[in-house]
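Participant: coordinates only, no sequence provided:
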Ligand SMILES: Nc1ncnc2c1ncn2[C@@H]1O[C@H](COP(=O)(O)OP(=O)(O)OP(=O)(O)O)[C@@H](O)[C@H]1O
């Protein structure tokens, strides 16, 4: 088997004596689509914060493409191929679409125009050409010069993802990508994520909506109180007794209930 793009090995972290992540291990295979799910407070965001270097684990290791990144700062992790998109949009609203995408190129060692090239937001530059080409490739070539604040929410979500792609990630961490979207926008975003996954980028997705999880992801890792309780196909997750118990309580385990 080839080296997984992400390998999480026996990860633990405590805050003020409370163990929030407890000996969690899982992998994301190159090109895979893995969901990270669990009830509120299970530790999903904490795992993302550990992966992206916001927190340092007390125990365990994280490997990206086989390389240990335990001590790599957040910015270095982006340079090594990890990108993260947040629940709330973090674009610069008063910059244009293409300028926002150019900001995403910043952490790359092979920046268009050269590593030390200043960020040139005005006039033509290799960076601008590349950002425009990426937007066009992803079907968003219509508004490169338009101020982001003037665009609909669903489009801004997609632009944020293109900005993450500008860093040329191998692994994309997505935190509730469909939060705040209506049904139509969600369907469009799912198709967009499919397109991103089709380029070979591995997806690790925190998402509450199980129908989205099933349509987007092949496998799921389920956390409860900081421990891993399931790691397997998304098609089977809603039948797993431990998962049902985590979401619904012991009384309901064994029922064919809706995990959401
Ligand atoms: N910096 C911190 N200091 C103290 N406790 C923390 C910190 N970060 C997270 N926690 C605690 O860790 C636990 C897991 O939180 P986390 O946000 O990772 O869960 P989650 O699965 O993402 O939840 P949700 O689905 O509600 O977003 C919670 O009890 C939370 O209060």
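Facilitator: That came through fine. Everything numeric in this text was worked out from a predicted model, so none of it was measured.
Participant: look up phi and psi at the nearest residue to residue 166 once chain neighbours are set aside.
Facilitator: Excluding its sequence neighbours, the residue lying closest to residue 166 (CB to CB, 6 or more residues apart in numbering) is residue 104, at 3.2 Å. For every residue, glycine as well, the C-beta is placed using N, CA and C. Here is the backbone geometry of residue 104 (degrees, to the nearest 10): phi -70, psi -20.
Participant: other SSEs contacting the strand or helix carrying residue 133?
Facilitator: When elements are assigned from DSSP states H and E, residue 133 belongs to helix 126-137. Applying 3 or more CB pairs under 8 Å, 6 or more residues apart in numbering; DSSP states H and E, we find helix 126-137 packed against helix 97-103, helix 153-165.
Participant: repeat the analysis, applying 6 Å as the threshold.
Facilitator: Under the contact criterion of 3 or more CB pairs under 6 Å, 6 or more residues apart in numbering; DSSP states H and E, helix 126-137 touches helix 97-103.
Participant: quick one: residues in contact with the helix it packs on.
Facilitator: For helix 97-103, the external contacting residues (CB atoms under 6 Å, 6 or more residues apart in numbering) are 91-92, 121, 127, 131-132, 143-144, 146, 148, 159, 162-163, 166.
Participant: in JSON lines, list the residues you listed along with pLDDT, distance to residue 34 and neighbour count.
Facilitator: Conversion of the contacts of helix 97-103 to JSON lines gives the following (pLDDT from 0 to 100; distance: CB to CB, whole Å; neighbours: other CB atoms under 10 Å):
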{"residue": "91", "pLDDT": "87", "distance to residue 34": "26", "neighbour count": "20"}
{"residue": "92", "pLDDT": "90", "distance to residue 34": "30", "neighbour count": "13"}
{"residue": "121", "pLDDT": "68", "distance to residue 34": "36", "neighbour count": "14"}
{"residue": "127", "pLDDT": "89", "distance to residue 34": "32", "neighbour count": "25"}
{"residue": "131", "pLDDT": "94", "distance to residue 34": "28", "neighbour count": "26"}
{"residue": "132", "pLDDT": "94", "distance to residue 34": "31", "neighbour count": "19"}
{"residue": "143", "pLDDT": "83", "distance to residue 34": "32", "neighbour count": "16"}
{"residue": "144", "pLDDT": "87", "distance to residue 34": "32", "neighbour count": "16"}
{"residue": "146", "pLDDT": "90", "distance to residue 34": "34", "neighbour count": "14"}
{"residue": "148", "pLDDT": "93", "distance to residue 34": "30", "neighbour count": "22"}
{"residue": "159", "pLDDT": "93", "distance to residue 34": "24", "neighbour count": "23"}
{"residue": "162", "pLDDT": "93", "distance to residue 34": "22", "neighbour count": "22"}
{"residue": "163", "pLDDT": "92", "distance to residue 34": "22", "neighbour count": "26"}
{"residue": "166", "pLDDT": "92", "distance to residue 34": "23", "neighbour count": "25"}
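Participant: between the residues you listed, which is nearest residue 5?
Facilitator: Distance to residue 5 across the contacts of helix 97-103 (CB to CB) is lowest for residue 166, with 18.8 Å.
Participant: thought residue 105 was touching the closest one, still the case?
Facilitator: Yes: if you go by CB atoms under 6 Å, residue 166 and residue 105 touch, sitting 4.7 Å apart.
Participant: could you pull up phi and psi at the closest residue to residue 53 other than its chain neighbours?
Facilitator: Distances taken as CB to CB, 6+ apart place residue 74 nearest to residue 53, at 3.9 Å, with adjacent residues excluded. Residue 74 adopts backbone torsions of phi -50, psi -50, taken as degrees, to the nearest 10.
Participant: which stretches of the stretch 1-150 of the chain aren't confidently modelled?
Facilitator: For the stretch 1-150 of the chain, the stretches with pLDDT under 70 are 1, 109, 113-121.
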